[in-house]
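Chemist: from the sequence below, what's the structure:
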Amino acid sequence: MVRPLADLAHLLHTNYRWDLCFKWRNFDMSTLMIVVLIVVVLAIAAAVWLYMQKRRTQTLRSRFGPEYDRMVEDHGDRNRAEKVLLERQKRVDSFDIKPLPPRDRDRFAQRWQDALDRSAERWRIGRA
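Modeler: Numbering: from 1, shown residues only. All right, here's what the predicted structure looks like:
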């Protein structure tokens, strides 16, 4: 163990060209470059994967709002909840949804508000 360290220390304190003389237990410069390249590629791949995971979470959270948090709580795991939400998103995206004409949209909004008001009134009467 001492000999390889001594060889390395000797190489570091000499003026030899690294590309010609870096030999340490059959470990040449091309092998070192390959190892460094592999480590760099793996680090970049890990960073990209983490970024994509974070972006997916942010997209789902902004699209589903409080439903996202409820799904994570119900499933007990963020990855499982996100899988369910992605499946739901794909299913809904496959629907042919067309916007309502303004007249129908206003009529529906008014009927919905009336239904909410009746529901709230029933709840207040029941609590009194």
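Chemist: check what pLDDT residue 126 gets.
Modeler: Residue 126 is assigned 70 on the pLDDT scale.
Chemist: what's the neighbour count on it?
Modeler: 7 (other Cβ atoms under 10 Å). Every C-beta, even on glycine, is put in place using the N, C-alpha and C of the backbone.
Chemist: now name the helix or strand holding it.
Modeler: Residue 126 belongs to helix 102-127 when elements are defined using DSSP states H and E.
Chemist: and that helix, what does it pack against?
Modeler: Applying 3 or more Cβ pairs under 8 Å, 6 or more residues apart in numbering; DSSP states H and E, one finds that helix 102-127 contacts no other helix or strand.
Chemist: OK, contacts around residue 84?
Modeler: 71, 75 (Cβ atoms under 8 Å, 6 or more residues apart in numbering).
Chemist: against residue 74, how distant is it?
Modeler: For residue 84, the distance to residue 74 (Cβ to Cβ, to the nearest Å) stands at 9 Å.
Chemist: now do residue 92
Modeler: With the distance defined as Cβ to Cβ, residue 92 ends up 19 Å from residue 74.
Chemist: how close does the residue found closest to residue 64 once you drop the neighbours it is linked to in the chain sit to residue 99?
Modeler: In this structure, residue 64 finds its nearest non-sequential neighbour in residue 85, 5.9 Å apart by Cβ to Cβ, 6 or more residues apart in numbering. For residue 85, the distance to residue 99 equals 24 Å [Cβ to Cβ].
Chemist: also residue 65?
Modeler: In this structure, residue 65 and residue 99 are 21 Å apart, going by Cβ to Cβ.
Chemist: what about those two, which has more around it?
Modeler: With neighbours defined as other Cβ under 10 Å, residue 65 and residue 99 compare such that residue 65 has more, 10 against 7.
Chemist: buried stuff in stretch 107-116?
Modeler: Within stretch 107-116, no residue is scored as buried using 16 or more other Cβ atoms under 10 Å.
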